Each structure stands twice: as structure tokens, then as C-alpha cells.
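Asker: Sharing a sequence plus its predicted fold:
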Amino acid sequence: MSLDAYGWEPFFQRQLPGPPSSETGRVRLATARKVDVFAEDRTVRVSLPRNVGAAAVGDWVLFNPKKRIATKILARRNALARNRPGHAAKRQVLAANIDVAVIVAALDRELRPRQIERYLTSVLASGAAPLIVLNKADECPNSEAAASTLRNADPRYPVITTSATTGQGLGTLEDLLPERGTIALAGPSGAGKSSLINAMLQSEHLTTGSVRSQDNRGRHTTTRRELVVHPKGCLLMDMPGIRELYPWSSPEIVDQVFPEISSLGQDCYYRDCRHESEPGCSIQAAAQDGSIDPGRLASFLELRREQEELERSAGERRWGAA
């Protein structure tokens, strides 16, 4: 296959220093100091020296084909990232150079809209197009009602119900995927991301596992990110489950996730209103008269506080390193 089939485009071509003295490949699988890359005519395992940096699945790298050593990681077009747990401000790239992010939630347990809002915050920050999938519809008699709840809360993004077991909704999902593009499947452990990919590939390419019966939580079957080629030509990326996602984003992106709330803030009495207990807050007034959902408001305020603190911490780290 040509590099174009793996997502090569002019953005990356412009970064090559004249006639390339090394080969180019796209990272399909990454470990600490090794990457497997899709090269033009084969898959190659390449060493990743520390001075080259850390590569994420979806990155493009230059490598010496004889020594099989990476020499450069090309600049990313975009990245899906989070704040690494346990750190005030440490960015962890989950996926690089993606076009669509499929947020997968499972219907064999209580639907968590607040969790989906966190994923949306990360996806919009990356610049990828979000798509919401409610999987395991065969285990939920009210699957369409659950989907309607999300659509009514925010009709901007597609919400579809699927079942990797019965095949329900898979045709609709595949119709929404671009023929040429990189699609990352993200969501909590046990949502069925690997099963969905296997169903679309019509093969058992990725390992799947059961969930714990006592709480329906996954066992983190997927422990690595991996790119696989879909028959229609797009690339699918399976990602390990994340139970608590701390987005690497900004307060402005949070405003985009909750437009019906953030737009009310323009009418607050104080320009720097934090929408908590300040007098003349139009958002709190709307909460008191019941015109905005209290769950979405709480999520909006929590995410804004997190992103404001992230900006402060990141700024302090940059200042300290200067």
C-alpha cells in the first residue's frame, strides 16, 4: 500500500528536508522505545532513541531503513490528549493525527452523560470530529431512549446505538466513517471498543474480554493503542479504556461543549463572573428557574475549574523552565 493509504498528506510532505535520505512510516503500535510503522511496502519495527522523543500511535516518523532507527518525529496535525493522572500539568498524547473520534459508551450499565462530556471536551480540543456510539444495545431495552437523551441535550453530534454482538447499527456507524481518514475509538474500559472494531473488520483481530459481573466495569483488556486498516480504506485505532478522563483542553473549549450555558454568561453583571455565587449571575438565575439542566451545569462548572487550574499550572511550569 502507498503512504497515502495510511494518511500521508501535504502537511507532512512539507516537513521533509528535501530529497529524503530515510524512509517515512506511520506509527501503528508504540511501546516505550520501539514503534511498529506502516511503511510504503511493509510493516517495520523501529527503535526510538530518547533524543528523538516519544511517539504516539498515529505519528509519522522518519527512520533509517538499514539500522531501523527513527531519526525524527514529524510535527502533528492534531492530537487527542489528556492531563496525566496525578500531575498538576503533564500532557499525555493518546492519539495523533486523527480525523474522527468515536466516543463509545456501554448500555449494559447506567449511562454517564457527564463522562461523555469529558470526552467531548478532549475531542473538540484536538480538532477531530466527534461521534457518539452507545454500544451493547442488545442488552438495553431502552437503547433509543438513552440515545434521545443525549441528542436532546446537544443535537450537534451524531449519536447512534450499536451492538457488536448482533450487528445492530454497524452499517450506520460505517457509513459515518470517512473512506480516507483515521478514526480513534475512545471510552471507558468495558464499553466494547475492541469488539466493535472486530465486528467492522469481520475478524478477531483485537483481543476482547469480559467485564466484572459485580459492577459491569471492564478489565482493561486493551492495554495498547493500535492502528488497523478497515476494508473501506480508513484506519481504526483501538485505545485502552479510561475510567476518569482529565481533558487537556481550555476553558474556551468547555464553553463550546456547553453552548446553552456559556452563552448565558454574556449577560452576567460581572465580566469575570465565575457563575457560582456572584450577584447578577445569569447562569445561576437560569439554574434557579429550571431553564438549564442542573447536571450539565455542575459538569460545566467542574470542567471550567479544572481547565483554568490546568492553564495556571502549565503556565507556571513554562515560567519555571524559562
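Answerer: Nice, thanks for sending it over.
Asker: other SSEs contacting the lowest-mean-pLDDT helix or strand in the chain?
Answerer: When each helix and strand of the chain is scored by mean pLDDT, DSSP states H and E, helix 294-321 comes last, with a mean of 88. Where contact means 3 or more Cβ pairs under 8 Å, 6 or more residues apart in numbering; DSSP states H and E, helix 294-321 is packed against helix 113-126, helix 251-257, helix 259-262, helix 282-288. From N, CA and C alone the C-beta is placed, and that goes for glycine too.
Asker: Check which residues of the second one are buried.
Answerer: Think helix 251-257. Using 16 or more other Cβ atoms under 10 Å as the test for burial, helix 251-257 gives Ile253, Val254, Asp255, Val257.
Asker: which residues are in contact with that helix?
Answerer: With contacts defined as Cβ atoms under 8 Å, 6 or more residues apart in numbering, helix 251-257 is touched by 117, 120-121, 124-125, 154, 247, 262, 265, 300, 303-304, 307-308, 311.
Asker: What is the helix or strand containing Asp175 packed up against?
Answerer: Assigned by DSSP states H and E, Asp175 belongs to helix 170-176. Using 3+ Cβ pairs under 8 Å, 6+ apart, the elements in contact with helix 170-176 are strand 129-135, strand 159-161, helix 193-201.
Asker: where among the ones you listed is the average confidence lowest?
Answerer: If you rank these by mean pLDDT, helix 193-201 sits at the bottom with a mean of 93.
Asker: can you pull the buried residues of that one?
Answerer: Per 16+ other Cβ under 10 Å, helix 193-201 contains these buried residues: Lys193, Ser194, Ser195, Leu196, Ile197, Asn198, Ala199, Met200.
Asker: Helix, strand or coil: sort out the nearest residue to the first one once chain neighbours are set aside for me.
Answerer: Using Cβ to Cβ, 6 or more residues apart in numbering and skipping the chain neighbours, the partner closest in space to Lys193 is Leu185 (4.3 Å). Going by DSSP: H, G, I helix; E, B strand; the rest coil, the secondary structure assigned to Leu185 is strand.
Asker: going forward, begin numbering at 263 instead of 1
Answerer: Got it, first residue is 263 now, which makes that one Leu447.
Asker: Leu447 and Arg566: what is the separation?
Answerer: According to Cβ to Cβ, to the nearest Å, Leu447 and Arg566 sit 27 Å apart.
Asker: Of those two, give the one with the bigger neighbour count.
Answerer: Taking neighbours as other Cβ atoms under 10 Å, Leu447 and Arg566 compare with Leu447 leading, 25 against 20.
Asker: Contact partners for the more buried one?
Answerer: Residues near Leu447 by Cβ under 8 Å, 6+ apart: Val364, Val366, Lys455, Leu458, Ile459, Leu498, Met499, Asp500, Met501.
Asker: do the same with Gln546
Answerer: Listed by Cβ under 8 Å, 6+ apart, the contact set of Gln546 reads His537, Glu538, Ser539, Glu540.
Asker: Which pLDDT value goes with it?
Answerer: For Gln546, pLDDT reads 94.
Asker: go on, Met263?
Answerer: At Met263, pLDDT is 74.
Asker: Likewise for the one 4 residues further on?
Answerer: Per-residue confidence for Ala267 comes out at a pLDDT of 92.
Asker: same thing with the one 10 residues further on?
Answerer: The predicted structure scores Gln277 at 93 on the pLDDT scale.
Asker: ok, it touching Leu336?
Answerer: Yes - using Cβ atoms under 8 Å, Gln277 is in contact with Leu336, at 4.9 Å.
Asker: So those two - more neighbours on which side?
Answerer: A count of neighbours by other Cβ under 10 Å puts Leu336 above the other of Gln277 and Leu336, at 20 against 13.
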